[in-house]
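Chemist: this is the structure alone, sequence omitted:
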C-alpha cells in the first residue's frame, strides 16, 4: 500500500487547537475560510459557499428588513381581521346601493297604491307595502342613500372642524387651550336629542343640510378633545423636539411631524361616530324634527310604521333591520380600526 504523507500542523489563532491536515494543496471538497481573528479553518465547499452568500447585518444578526410604519402594520392586521373584512363588505354594498339604488330596486319609492296598503309580501314586492301602499322594499333601498350621505357628511364636518380646533389648542396651549376647553364643556352640557328638538323644530327646510349642520355643531367637541390630547402627547416626542431645535417652523412641525402621528385616534373615533350619526338622524326623523316627507328615510318609515306594528309588523321590521345592520357595520369597522392602530393592543 502507498505510504500516507506526513501530517503537518498549521498555526491557528486562539487558545483552542484544531486537528492537523495533510501537507500540500487542499482536497477539492475542502475550502479555507478566514476565522475573523487572523487564522483559517477548513470548511466543506458547500458550507463555504453558504457562508459567503448569506447576507448578514451587524455582528451576524442576519438580513436587515426595512422598518414598517404604523400604517403598514395596521393595514396588514386589518387584512387578517375577519371583523374588518365582513364589515367592510357590508359597508361597500351599502355605499354601492346608495349611489345606484336602481341596481337592485327598479320601482319608484314615491309611487303608492292605497288599495294595497299594509299588505304583506307579494311576487315582485318581497317586503310588502306600507300604510300608504308604497313598496317597502323600494323605500328601504332608497333610504340607504339618505342615511349614508348624512352620516358621511356629518362625520367629515365633525372630523375636520374638531381636528383643527383641537390640534391648534393642543399645539399652542395657553389661553387658546383654556378657551377651547371651556367652549367644549358648554357643548358637552347640551343633550343631543333635546338640542335637536329645540334647534330643528324651527327649521322648515326639507333638505338634509340642517340635520347635518346640527350634528356638526354638537359633535365637534368630542373630536376636538381627542385631537387635543393626541397632539399634546405627540409634540413631546424626541423627533418633534429635534425638529424644533433645527429651526423648523410651527406649520412644518404641525403638518410634517405631528399630524401624521396624531391622527390615528381621530380616525378611530370618527369611524365609530359615523354609525352613531346615522342612528341619530333616524331618531330625529322618528321624532318629527329631522328629515320630513317626501324625503325617503328609514327614520320616517319607522315613525310611520310604529302605529301599525300589530297589524303589519313588516312595515317596521325591514327599515329598522336595515338601520341596525348599517350602524352595526360601522361600529364593527371602527373597532377593527382601533385594534389595528392602537399599539397597546398589539
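Modeler: Looks like it came in fine. All of these numbers come straight from a predicted model, not from anything done at the bench.

Chemist: contacts and neighbour counts: CA atoms only from here.
Modeler: Fine.

Chemist: all the strands of the chain, in order from the start?
Modeler: Assignment of strands within the chain using DSSP state E yields the ranges 7-8, 21-22, 30-34, 40-44.

Chemist: pull the longest helix from the chain.
Modeler: helix 136-172 (DSSP state H).

Chemist: please name the nearest non-neighbouring residue to the most centrally placed residue in the chain.
Modeler: Closest residue to the average C-alpha location of the chain: residue 337 at 3.9 Å, with C-alpha atoms, centre = their mean. If you skip the residues right next to it in sequence, residue 337 has residue 268 as its closest partner in space, 6.1 Å away by C-alpha to C-alpha, 6 or more residues apart in numbering.

Chemist: now do that neighbour against residue 155, distance only.
Modeler: Per C-alpha to C-alpha, to the nearest Å, residue 268 is found 12 Å from residue 155.

Chemist: same thing with residue 139?
Modeler: Taken as C-alpha to C-alpha, the spacing of residue 139 relative to residue 155 amounts to 24 Å.

Chemist: who's more crowded, the two?
Modeler: For residue 139 versus residue 155, the count of surrounding residues by other C-alpha atoms under 10 Å is larger for residue 155: 28 against 25.

Chemist: that one contacts residue 276, correct?
Modeler: No - here residue 155 lies out of contact with residue 276, judged by C-alpha atoms under 8 Å, at a distance of 9.6 Å.

Chemist: quick one on the thing from earlier: any buried residues in the longest helix of the chain, and which?
Modeler: Residues of helix 136-172 classed as buried: 136-155, 157-171 (neighbour count, 16 or more other C-alpha atoms under 10 Å).

Chemist: mind checking the pLDDT average for that helix?
Modeler: Confidence for helix 136-172, expressed as mean pLDDT, is 93.

Chemist: tell me the contacts of residue 300?
Modeler: For residue 300, the contacting residues are 282, 285-286, 288, 291-293, taking C-alpha atoms under 8 Å, 6 or more residues apart in numbering as the criterion.

Chemist: can you give me the pLDDT of residue 87?
Modeler: pLDDT, residue 87: 94.

Chemist: so who does the residue lying closest to it once chain neighbours are set aside touch?
Modeler: In space, and not counting its chain neighbours, residue 87 is closest to residue 329: 4.8 Å by C-alpha to C-alpha, 6+ apart. Shown in contact with residue 329 (C-alpha under 8 Å, 6+ apart): 87-88, 90-91, 275.

Chemist: now the end-to-end length of stretch 300-314.
Modeler: Using C-alpha to C-alpha, one end of stretch 300-314 lies 15 Å from the other.

Chemist: list the buried ones in that stretch?
Modeler: Of the residues in stretch 300-314, those scored as buried under the neighbour-count criterion (16+ other C-alpha under 10 Å) are 300-305, 308, 312-314.

Chemist: likewise stretch 111-127?
Modeler: So for stretch 111-127, counting by 16+ other C-alpha under 10 Å, buried means 112, 116-120, 125, 127.

Chemist: and the gap between residue 155 and residue 217?
Modeler: Noted for residue 155: a distance of 11 Å to residue 217, by C-alpha to C-alpha.
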